[in-house]
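A.B. asks: what follows is a predicted structure for the sequence shown.
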Amino acid sequence: MGATAFQRTGVVFLLVGLCLGMRMGMTEDFSLTPVHTHLNLAGGVLMFVAGLFYAQRPEIPRWAVTLHYWLHLVGGLLLVAGIYGAVTHAPWYGPVVGIGAVGVLLAMLVFAWNVFRKHGAM
Ligand code: HEM
């Protein structure tokens, strides 16, 4: 996985989030606003920004980019599904939102490590 995968996945998150936003507006039912915002921001914006960063830093090892990608993708999907479950009062939402949140946090820790570490200087 590389910069392009991050950017393509981010755009897909954004398109889904935008469609949900339009549906919310058309039906005047804003109960899914937290789902919309996390699709757009945690999914769309964060993944696309990471893609822009990795495109500028090709020296970062591929495995570190791939680890970030899968943690972010799986964590992000579970987070959004869990928030949907919370909003709709589904009984299963707790563990799903919890695992998703931890997944996204781990993804951000890997991202931070990739941003701070002096890759290629060792
Ligand atoms: C087709 C484009 C979009 C449509 C139709 C749309 C629609 C909506 C609607 C109907 C709401 C609920 C407003 C309310 O509760 O009063 C909302 C909230 C929100 N949207 Fe979007 N949205 C779009 C794009 C975006 C994008 C691109 C982002 C961020 C990257 C975004 C972030 C947010 C946030 C953060 C909120 C919560 C605002 C608040 O609760 O104060 N939206 N959007």
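C.D. replies: Yep, it's here. Residues are numbered from 1 along each chain as shown.
A.B. asks: make it CA atoms for all contacts and neighbour counts henceforth
C.D. replies: Noted.
A.B. asks: once you drop chain neighbours, what's closest to residue 38?
C.D. replies: residue 80 (6.5 Å; CA to CA, 6 or more residues apart in numbering).
A.B. asks: ok, the one you found to residue 22 distance?
C.D. replies: 17 Å (CA to CA, to the nearest Å).
A.B. asks: try residue 44
C.D. replies: Counting by CA to CA - residue 44 and residue 22 are separated by 16 Å.
A.B. asks: neighbour count: these two, which is higher?
C.D. replies: Neighbours per residue (other CA atoms under 10 Å) separate residue 44 from residue 22, with residue 44 holding more: 26 against 12.
A.B. asks: got any ranges where the chain has weak pLDDT?
C.D. replies: By pLDDT under 70, the weakly predicted segments of the chain are 120-122.
A.B. asks: the helix or strand containing residue 21: which residues count as buried?
C.D. replies: Per DSSP states H and E: residue 21 is located in helix 3-27. Within helix 3-27, the residues scored as buried using 16 or more other CA atoms under 10 Å are 3, 6-7, 9-11, 13-14, 17-18, 20-21, 24.
A.B. asks: show me what it is packed up against.
C.D. replies: Here helix 3-27 touches helix 33-38, helix 46-56, going by 3 or more CA pairs under 8 Å, 6 or more residues apart in numbering; DSSP states H and E.
A.B. asks: which of the ones you listed sits closest to residue 115?
C.D. replies: helix 46-56 (8.5 Å; CA to CA).
A.B. asks: circling back to that earlier point, dump the helices and strands packed on helix 3-27 to CSV, plus mean neighbour count.
C.D. replies: Shown next, in CSV, are the helices and strands packed on helix 3-27 (neighbours: other CA atoms under 10 Å):
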stretch, mean neighbour count
helix 33-38, 19
helix 46-56, 19
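A.B. asks: in a markdown table: those helices, plus distance to the ligand.
C.D. replies: Output for the helices and strands packed on helix 3-27, formatted as a markdown table (distance: least, CA to the nearest ligand atom, whole Å):
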| stretch | distance to the ligand |
| --- | --- |
| helix 33-38 | 5 |
| helix 46-56 | 9 |
